[in-house]
Every structure is written in structure tokens, then in C-alpha cells.
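Asks: Got a predicted model here, sequence first, then my questions.
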Amino acid sequence: MNKILIQSVIHQRPEYQQSGRWFVLDEEFKWDLSTLQKDVFACLNKAFHIPIIFCDSCEANKIVSALGEEEAEYLQFASGVYWREVGIIFIFKFDDYLPLIETIFHELRHYIQDHIPYYQKEFELDKKRPYEERTTEQDAFAFAAYYLAKFTRQNSHAIPS
């Protein structure tokens, strides 16, 4: 998806915070976005350049629709989603810091998987499997659990509440 088009669509909405390609479009987001981004990238020892948008699922659907893709109805129950067709991660639940961090790790893993040939094939096969049996989901949950444990060990003194 065209980076300029994505930026244009995002910037048409109220932005409460921005750090690089991470955007907060929800006034109830209470964390410092720059610190959150630094925490995630420090734990992973790598920065990723995919847009991450913190908003509700209705706003995500509006953004995706403005980018020419079909809306999804299942989002109301999700904590986050990597929307492969538009190349954006949306995070919908962000009240508690550690679950937020875990969701970001999980969705970033899907972005990483999208660049690994084995998982590219699995994404298609997983469409036919129940959620809990999907190879990509099992891998993303394991990845998120590993990095959340690492994050907690490294930052136990400084985790916001």
C-alpha cells in the first residue's frame, strides 16, 4: 500500500499523539507513545517501520475503507489486528500496559511472518482452520509470550500502571 496514501488518510483524523509511524487516534489512550515505542523496539532489538494505529475498531474500518479495502465485522472482539492488505497494525485495547505490549508483540509477529515464505503459505492455509489451530496464531502467541516475559524481566521496576 502506498505510504503517502496511508499518511494522508491517517492525517485526516484527529491525532492525539504520533511517534514515527505510530499514531494515536483515540483520546482515551493514556500512555506516552514515544516511550511505548522505545520500550517495544528496545525489547525486540529492532525497529519496524509499519504504521501502528491505536484507535477503536470503527475507526480502523473507516481507515481501511478510505484505503479502498473492505471493512471487517469481527474486529469488535479483537485486541488488535495486522491488516495485511493495507500493511497497517491496528490496536484497539490499550487500557493496561502489559496486555498492550503483548498485543503489539503479537501483531508485529504477524507482520514479520508476512515476510517469511513458510508463513506466507500458512496465512492462506490458516483461513480454513479454527482460530486456536492456526499455525500463524500459535506462533504469534508464543512470540508475544516470550517477548512479554523478556520485557517484564528487563523493566520490572518501571512498568507503568
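Replies: That came through, no problem. Residues are numbered from 1 along each chain as shown.
Asks: Dig out what the residue most central in space within the chain forms beta bridges with.
Replies: Closest to where the C-alpha atoms of the chain average out (Cα atoms, centre = their mean) is Ile89, at 3.7 Å. When bridges are called by DSSP bridges, Ile89 pairs up with Ile52, Tyr82.
Asks: From Ala60, how far out is it?
Replies: Separation of Ile89 from Ala60 (Cβ to Cβ, to the nearest Å): 10 Å. Quick note: C-beta positions are derived from backbone N, CA and C, even for glycine.
Asks: shared neighbours, these two?
Replies: Ile53, Val81, Trp83 (Cβ atoms under 8 Å, 6 or more residues apart in numbering).
Asks: Scan this structure for its longest helix.
Replies: With secondary structure taken from DSSP state H, the chain has its longest helix at helix 135-155.
Asks: In CSV, could you pull the C-alpha coordinates for that one?
Replies: The C-alpha trace of helix 135-155 is given here as CSV (Å, rounded to 0.1, in the frame of the first residue of the first chain):
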residue,chain,number,x,y,z
THR,A,135,-0.1,-22.0,12.8
THR,A,136,0.4,-18.3,12.4
GLU,A,137,-1.6,-17.6,15.6
GLN,A,138,0.2,-20.2,17.6
ASP,A,139,3.5,-18.8,16.5
ALA,A,140,2.4,-15.2,17.2
PHE,A,141,1.1,-16.1,20.7
ALA,A,142,4.4,-17.9,21.5
PHE,A,143,6.4,-14.9,20.2
ALA,A,144,4.4,-12.4,22.2
ALA,A,145,4.7,-14.5,25.4
TYR,A,146,8.4,-14.8,25.0
TYR,A,147,9.0,-11.1,24.5
LEU,A,148,6.5,-10.1,27.2
ALA,A,149,8.4,-12.2,29.7
LYS,A,150,11.7,-10.6,28.4
PHE,A,151,10.2,-7.2,28.7
THR,A,152,8.9,-7.8,32.2
ARG,A,153,12.3,-9.1,33.4
GLN,A,154,14.1,-6.1,31.9
ASN,A,155,11.6,-3.5,33.1
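Asks: Which positions within that helix qualify as buried?
Replies: Going by neighbour count (16 or more other Cβ atoms under 10 Å), the buried part of helix 135-155 is Thr135, Thr136, Glu137, Asp139, Ala140, Phe141, Phe143, Ala144, Tyr147, Leu148, Phe151, Asn155.
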